[in-house]
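Peer 1: What follows is a predicted structure for the sequence shown.
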Amino acid sequence: MSTPTRSTPVRPTPGRPVLRIRGVHKSYGPTEVLHGVDLTGRAGEVLAVVGANGAGKSTLIKILAGAERMSAGELQLDGEDVALRSPHDAHTHGIRTVHQELTLVPELSVTENLLMGHFPRRLGGLIDWKAAHRRARDLLDGIGYGAIDPRVKAGRLTVARQQMVEIAKALVSEGGEPKVLVLDEPSAVLAGSDLEALFVLIRRLQERGVLIIYVSHRLAEVTELATSIVVIKDGRVVAETTPDRTDENELIRLMAGRPAGQLYPARRPADGDTLLDVSGLGRTGEFSDVSFVLRAGEITGLFGLVGSGRSELARCVFGAEPARTGAVRAPGSDAVRFHSPREAIAAGLALVTEDRKGTGLVLGLSTAENIGLTTLRTTTRGPLLDTARRRRDVVSMVDRLDIRPAHSAKLPVRTLSGGNQQKAVLAKWLLTGPRVLLLDEPTRGVDMATRAEIYRMLDQLARDGMAILLISSDLTEVLGATDRVLVMHEGRIAAELPSEGTTEDTVLAHAIGHAA
């Protein structure tokens, strides 16, 4: 969960119905995943859609985006029946979707991604790049994202800033402002001022009559932002409510079909040996003079706002990006710093990256093939793969982490829900037998029940002697699931705080450089 900004304005009153869907069914072969879904959205409304992973939210989003066709049912916009046969159809009818999976072209600049196909031109048809960058800058400034340099390649931005560009792109596309804006986990990697900018933008769009369909697992945000809430379970709408008639515990009960339990296990950190010692680590333009230790039996949190260097630091520690200064030492390793992930893995490190679909998984492979990727060297005999051993390893991990469905090992990993995909990423790294586990946004886009499973697993790993670094933009998570918290500000460790007794306001104050 994430704590919404306190400066969020009062909700505007919704207007006329803009979107109606009635009796929507969707089947993939003999499997029906949506069972007669009804939904109505009004102008100026934030209609939150919540549900556990696998409930059918993603399928509904794809239908609204024109990426999937409903098997039965009807959809109306402004009272007229429409058929969405493609994303172009949805765009033409004024429906824009910002997917959880990023769609930017990483090798193109922010300007090129925003204005693709609509560049200002000089006489003779040449692109007027000065005018293009100026227009992109104005667009970003206009929605509160002026800190992003439009000339930078999109792939060089953090995932959080790429998410912000995705939102901007949906709003500036040809055809003017959307009638319906679908946001799928838009705040999953945002915090601080970036999160506040998103909330302010949502209020502005509401005031202009845009219907916003807000899909999120962050229930604190849902109850703060939404004017109405729809709960989906097993492909059916099981509840329609409003924030003043419900709370987070009730939503969890509706989503899971059982009362909410304790989300975070009670932590009792052990005073273990140092398993990773980072001293004076620096990378030009991203972070400098970073020092900390990770100890056996302890879960350490790392919090920082977008641009603080948190994810870049994790990649440098793991050897995925080169550091300029400093040292990273692990017991039993002679390396002063790791110059490649292979060296880090050999020293007992594992890194779960923040973008599970981009860097954590190979979507074209099966779940079993993904889980077995990190152990190919240890499951081969000469030129041959020891398929029996790999099968045993994979089945053991699928059972241990309860990856669903039960036959998920044989399925393409892209067909699993977000929570089960994340479990597959974790399984892949746990097979290497790490002593130090680095996790960057491990619960992004994961429902509350699966989050609780992940927290329990991390707690048990720590009790078994592992050292864990949990990097998160979710203040509630970073305090609730850890023993102590490192706070980054402008590329440096600004504070080290005990999780117990520390408030979210205190962490945020250090993160923005305003601590007393």
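Peer 2: In hand now; what should we look at?
Peer 1: CA only for contacts and neighbour counts going forward, please
Peer 2: Will do.
Peer 1: how about Thr387, what does it touch?
Peer 2: Each residue near Thr387 by Cα atoms under 8 Å, 6 or more residues apart in numbering is listed here: Thr379.
Peer 1: May I have the predicted confidence score for it?
Peer 2: On pLDDT, Thr387 comes in at 83.
Peer 1: so what's Gln422 closest to, chain neighbours aside?
Peer 2: Residue nearest to Gln422 in three dimensions, not counting chain neighbours: Arg356, with 6.8 Å by Cα to Cα, 6 or more residues apart in numbering.
Peer 1: Next up, the contacts around the one you found.
Peer 2: Taking Cα under 8 Å, 6+ apart, we find Arg356 in contact with Gln421, Gln422, Val425.
Peer 1: which residue ranges form the helices in the stretch 101-250 of the chain?
Peer 2: 110-115, 129-142, 159-172, 192-207, 219-225, 248-256 (DSSP state H, counting those that start in this stretch).
Peer 1: and the third one, what other elements does it pack with?
Peer 2: Helix 159-172 sits against strand 95-98, helix 110-115, helix 129-142, with contacts defined as 3 or more Cα pairs under 8 Å, 6 or more residues apart in numbering; DSSP states H and E.
Peer 1: now for those, which one comes closest to Arg69?
Peer 2: Closest of those to Arg69 is strand 95-98, at 14.9 Å (criterion: Cα to Cα).
Peer 1: Mind listing the strands that closest one pairs with, and their directions?
Peer 2: In the sheet, strand 95-98 lines up against strand 180-184 (parallel) (DSSP bridges).
Peer 1: can you give me the angle the partner strand makes with helix 192-207?
Peer 2: With axes from the mean of the first three to the mean of the last three Cα atoms, to 10 degrees defining the directions, strand 180-184 sits at 150 degrees from helix 192-207.
Peer 1: Give the next helix or strand downstream of the helix or strand of the chain with the lowest mean pLDDT.
Peer 2: Least confident helix or strand of the chain, by mean pLDDT, DSSP states H and E, is strand 380-381 with a mean of 73. Next along the chain after strand 380-381, taking DSSP states H and E as the criterion, comes strand 384-385.
Peer 1: So which residues lie in contact with that following strand, not counting its own?
Peer 2: Here strand 384-385 has contacts from Leu376, Thr379, using Cα under 8 Å, 6+ apart.
Peer 1: what about whatever helix or strand comes next after it, distance to the chain center?
Peer 2: Later in the chain than strand 384-385, the nearest helix or strand by DSSP H and E is helix 387-401. The chain centroid and the centroid of helix 387-401 are separated by 27 Å under Cα atoms, centre = their mean, to the nearest Å.
Peer 1: for stretch 330-342, same thing?
Peer 2: For stretch 330-342, the distance to the chain centre is 29 Å (Cα atoms, centre = their mean).
Peer 1: Save the helices and strands packed on helix 159-172 as JSON lines, and put in distance to Leu431 too.
Peer 2: Formatted as JSON lines, those follow (distance: least, Cα to Cα, whole Å):
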{"stretch": "strand 95-98", "distance to Leu431": "34"}
{"stretch": "helix 110-115", "distance to Leu431": "38"}
{"stretch": "helix 129-142", "distance to Leu431": "43"}
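Peer 1: who wins for proximity to Val352 among those?
Peer 2: strand 95-98 (24.0 Å).
Peer 1: Of all the helices of the stretch 101-250 of the chain, which one is nearest Leu64?
Peer 2: Closest of those to Leu64 is helix 159-172, at 14.3 Å (criterion: Cα to Cα).
Peer 1: which residues are in contact with the closest one?
Peer 2: Applying Cα under 8 Å, 6+ apart, the set of residues contacting helix 159-172 from outside is 96-98, 102-104, 110, 113-114, 139-140, 143, 145, 148, 154-155, 177-178, 181, 186, 189-190, 306, 354-355.
Peer 1: can you redo the helices and strands packed on helix 159-172 as a markdown table with mean pLDDT?
Peer 2: Shown next, in a markdown table, are the helices and strands packed on helix 159-172 (pLDDT from 0 to 100):
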| stretch | mean pLDDT |
| --- | --- |
| strand 95-98 | 96 |
| helix 110-115 | 96 |
| helix 129-142 | 93 |
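Peer 1: end-to-end on stretch 41-53?
Peer 2: With Cα to Cα, to the nearest Å as the measure, the first residue of stretch 41-53 is 23 Å from its last.
Peer 1: Stretch 47-63 now?
Peer 2: Using Cα to Cα, the two ends of stretch 47-63 sit 16 Å apart.
Peer 1: repeat for stretch 53-69
Peer 2: 21 Å.
Peer 1: in the stretch 351-500 of the chain, which spans are helices?
Peer 2: Remark: helices assigned in the stretch 351-500 of the chain by DSSP H, counting those that start in this stretch are 367-371, 387-401, 418-430, 448-463, 475-480.
Peer 1: and Phe303, that's in a strand?
Peer 2: Yes: assigned with DSSP: H, G, I helix; E, B strand; the rest coil, Phe303 falls within a strand.
Peer 1: which non-adjacent residue is nearest it?
Peer 2: Val487 (5.0 Å).
Peer 1: give me every residue that touches the one you found.
Peer 2: Per Cα under 8 Å, 6+ apart, neighbours of Val487: Leu302, Phe303, Gly304, Ile493, Ala494, Ala495, Glu496, Val507, His510, Ala511.
Peer 1: from those residues, which ones fall inside strands?
Peer 2: Leu302, Phe303, Gly304, Ile493, Ala494, Ala495, Glu496 (DSSP state E).
Peer 1: Please indicate which of these are buried?
Peer 2: Applying a neighbour-count criterion of 16 or more other Cα atoms under 10 Å, the buried members of the ones in strands among the contacts of Val487 are Leu302, Phe303, Gly304, Ile493, Ala494, Glu496.
Peer 1: okay, who's weakest in those by pLDDT?
Peer 2: Gly304 (91).
Peer 1: Identify the spatial nearest neighbour of that one, chain neighbours not counted.
Peer 2: Met488 (4.8 Å).
Peer 1: residues contacting the one you found?
Peer 2: The contact partners of Met488, taken as Cα under 8 Å, 6+ apart, are Leu302, Phe303, Gly304, Leu305, Ser308, Gly309, Arg310, Ala494, Ala495, His510, Ala511.
Peer 1: pLDDT wise, what is the last one at?
Peer 2: Reading off the per-residue confidence, Ala511 sits at a pLDDT of 92.
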